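Student: could you work out the structure for the sequence below:
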Amino acid sequence: MDDHEGSKPRQGHPPGMFDSLRQLLGTVVGIVENRIELLGTEVEEQVARLTAMLLWTIVSLFLAFTTVLLMAVAILVAFWDSNRILVAILLAAGFAVLALLSVLQVRAVVRGRPRLFQSTLEELAKDRDRLGGR
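Tutor: Below is the predicted model of the structure:
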């Protein structure tokens, strides 16, 4: 088919109307497919990140608890005959300070995490701007 045949009207329809609609539909489907794939990738990344974080948190807490407990018992035994009450109070105060610092650290981590689906939302905003600008 040469260029002149493509410019002829077909039975009352403008030339290429269905082709243009098909291309537009294909573009829209491609954009939606791309965004859904991006969303799926972000969900997978978040699940993997949270799973790893949970596992390592459990291991860390167990080991830290065991270490702290054994150290506290060793210190208390070392001072059993002289100042066991004072040592017990100082250990409890030290644990309270460490617990407070841990809570503050958790708050900082939670506040610093990226917004869920941030990349997908940014791409959808770009798509909206591009489509609205035409």
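Student: in this structure, which spans are helices?
Tutor: Using DSSP state H, the helices found in the chain span residues 3-6, 17-78, 84-112, 118-133.
Student: need the residues that contact the last one.
Tutor: Translated: helix 118-133. Residues from elsewhere that reach helix 118-133 (Cβ atoms under 8 Å, 6 or more residues apart in numbering): Ile31, Asn34, Arg35, Leu38, Leu39, Glu42, Arg115. (C-beta placed from N, C-alpha, C; glycine too.)
Student: tell me if I'm right that the fifth one and Phe117 touch.
Tutor: Yes. Using Cβ atoms under 8 Å, Leu39 makes contact with Phe117 at a distance of 6.3 Å.
Student: now the residue nearest to the spatial centre of the chain: closest residue in space, sequence neighbours ignored.
Tutor: Centroid-nearest residue in the chain, with Cα atoms, centre = their mean: Gln46, separated by 4.3 Å. The shortest distance from Gln46 to any non-neighbouring residue, by Cβ to Cβ, 6 or more residues apart in numbering, is to Leu116 (6.7 Å).
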